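Colleague: generate a structure from the sequence data that follows.
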Amino acid sequence: MMTQFGYGTHLGLVRENNEDDYAINTEHDLFIVADGMGGSEAGEIASHLVVEQILHSTMQGTDLKTAIKISHQVVVEAPVNGMGTRGMGSTVVALKLAGNSGSIAWVGDSRAYLWDNGLIQLTHDHSYVQYLIDTGMITETEAIGHPDRNQITQAIGIDSGNPLDVGLIEQRLFPGQKILLCSDGLTSEVLDKEISRIIAENRNDDQAAVDCLIKEAIDNGGKDNITIILVSAPSSDSMHISRQKQTDRYPVPKNSEKKNQGRRLFWSLTILFLVLCCLAISYKIPPETRAHIIDIIKKLIYTAS
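Modeller: Modelled structure (predicted):
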C-alpha cells in the first residue's frame, strides 16, 4: 500500500528567496526537508545539494546517517567547484520508512514530530537556545521568544573543525500516527499545541493539514520560508499489526492468571481464618477442636500462597 502524505513549501512574507528544499521518493519511502543559509542564492544551492546527495546516496543503499555526512562534504567542497559561496550551509531532517518503523536523522533545527492525538518532538535541536534549555539557563517557555532562537550550533556545509554530529533515532509507528517534518519557518510562528490542533482537525487529509499549517504560519507573520511534509503511518492492512494502547504493548506472562487466582484464594482463606478464630472464642469451641481447625486453615493458606 502506498504511503499517504501531504507536503508544501512557501516563501513567507519577508524573505526574497526560498532557501528551503525538500524531496519525496515514494519508491524508497524517503522524505527530506532542508533549510539553507548563506545569503543571495547560496542557501538555495546548499539545501538543494543536501537533498540531492541524500537521495542519491540512499538509493545506492547508504544508510541515512552516512548519507547526511556525505552531503556535508559535498556542500563544503562545492565552492571550490564553482557552486555557491564559502560559508553556505543547510539544516536537514529526513525520514526513511521501513514497514512499521522509520529512521529519522537530522542536523540543525529542522524538526521531526510524532503526532498521536498530541504532538511529541522527536528531534533535538542543534541550537544555542536548546543548549540554554538543556543546561537549565532558560525554560522552554522563555525559549519561544528568545532573540537567539535562530542561532544553530552545527549545520551541513559549515566546517567547524569538529566531526558532524548527525542525530538519529528509530521510531516504531502504529496506524493513526503521523510524522511531521518541517523547517523552523513553521515552528517559529506556530506553537506546538496549535500544530497538533490543526493536524487533529484534518487527520483524514494530510494535504489539507499541511495547507492549513502553512496558512497559520503566514497569518502569524511568515518571517521565514516554510516547508512541511506530513506522513501518515501505514495502515494496519499494510503493517500486519494491530494498534494497542502503549501500556498494552508488552506481553502478559502466561502464569500471571494463576498467580492472581492464588492471591485471591490466599486472602479469602485469611479472612476465613480470622472469622473462625472469632467464632471459636465466642462459642467456646473445645481447645483441641479449635487447634485442629486452625491447623488445617494454616496449611491451606500456605499452599495458596
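Colleague: what about the nearest residue to Arg86 once chain neighbours are set aside, distance to Gly89?
Modeller: Excluding the flanking residues, the one nearest Arg86 by C-beta to C-beta, 6 or more residues apart in numbering is Pro79, at 4.8 Å. C-beta: built from backbone N, CA, C; applies to glycine. Note on Pro79: its distance to Gly89, by C-beta to C-beta, to the nearest Å, is 11 Å.
Colleague: between these two, which has more neighbouring residues?
Modeller: Gly89 (26 against 17; other C-beta atoms under 10 Å).
Colleague: just give me the neighbour total for Gly136.
Modeller: Neighbour number of Gly136 under other C-beta under 10 Å is 7.
Colleague: hmm, I typed the wrong one, I wanted Ile158.
Modeller: Neighbour number of Ile158 under other C-beta under 10 Å is 21.
Colleague: which residues of the stretch 51-200 of the chain score low on pLDDT?
Modeller: Of all residues in the stretch 51-200 of the chain, none has pLDDT under 70.
Colleague: so what's the residue nearest to Arg86 up against?
Modeller: Going by C-beta atoms under 8 Å, 6 or more residues apart in numbering, Pro79 touches Thr85, Arg86, Met88.
Colleague: next, format those residues as TSV and append neighbour count, distance to Asn162 and secondary structure.
Modeller: Putting the contacts of Pro79 into TSV (neighbours: other C-beta atoms under 10 Å; distance: C-beta to C-beta, whole Å; DSSP: H, G, I helix; E, B strand; the rest coil) gives the following:
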residue	neighbour count	distance to Asn162	secondary structure
Thr85	15	22	coil
Arg86	12	18	coil
Met88	29	18	coil
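Colleague: just to revisit the earlier point, so the residue nearest to Arg86: helix, strand or coil?
Modeller: With DSSP: H, G, I helix; E, B strand; the rest coil as the basis, Pro79 sits in helix.
Colleague: show me the helices in the stretch 151-300 of the chain, by range?
Modeller: Taking DSSP state H, counting those that start in this stretch, the helices of the stretch 151-300 of the chain run over residues 184-187, 192-201, 206-219, 236-239, 256-282, 287-304.
Colleague: pretty sure Asp21 sits against Gln53.
Modeller: No: Asp21 lies out of contact with Gln53 (C-beta atoms under 8 Å); the separation is 11.5 Å.
Colleague: out of everything not next to it in sequence, what's closest to Ile70?
Modeller: Spatial nearest neighbour of Ile70, chain neighbours left out: Ser57 (5.3 Å); criterion: C-beta to C-beta, 6+ apart.
Colleague: SS state for that neighbour?
Modeller: Once three-state DSSP is applied, Ser57 turns out helix.
Colleague: show the contacting residues for it.
Modeller: Contacts of Ser57 (C-beta under 8 Å, 6+ apart): Thr66, Ala67, Ile70, Ser71.
Colleague: helix or strand for the second one, which one?
Modeller: Just to be clear, that refers to Ala67. Using DSSP states H and E, Ala67 maps to helix 64-77.
Colleague: what's that helix packed up against?
Modeller: helix 42-59, strand 89-98, strand 101-107 (3 or more C-beta pairs under 8 Å, 6 or more residues apart in numbering; DSSP states H and E).
Colleague: which regions of the stretch 201-305 of the chain lie under the pLDDT threshold?
Modeller: Short version for the stretch 201-305 of the chain, where the test is pLDDT under 70: 236-305.
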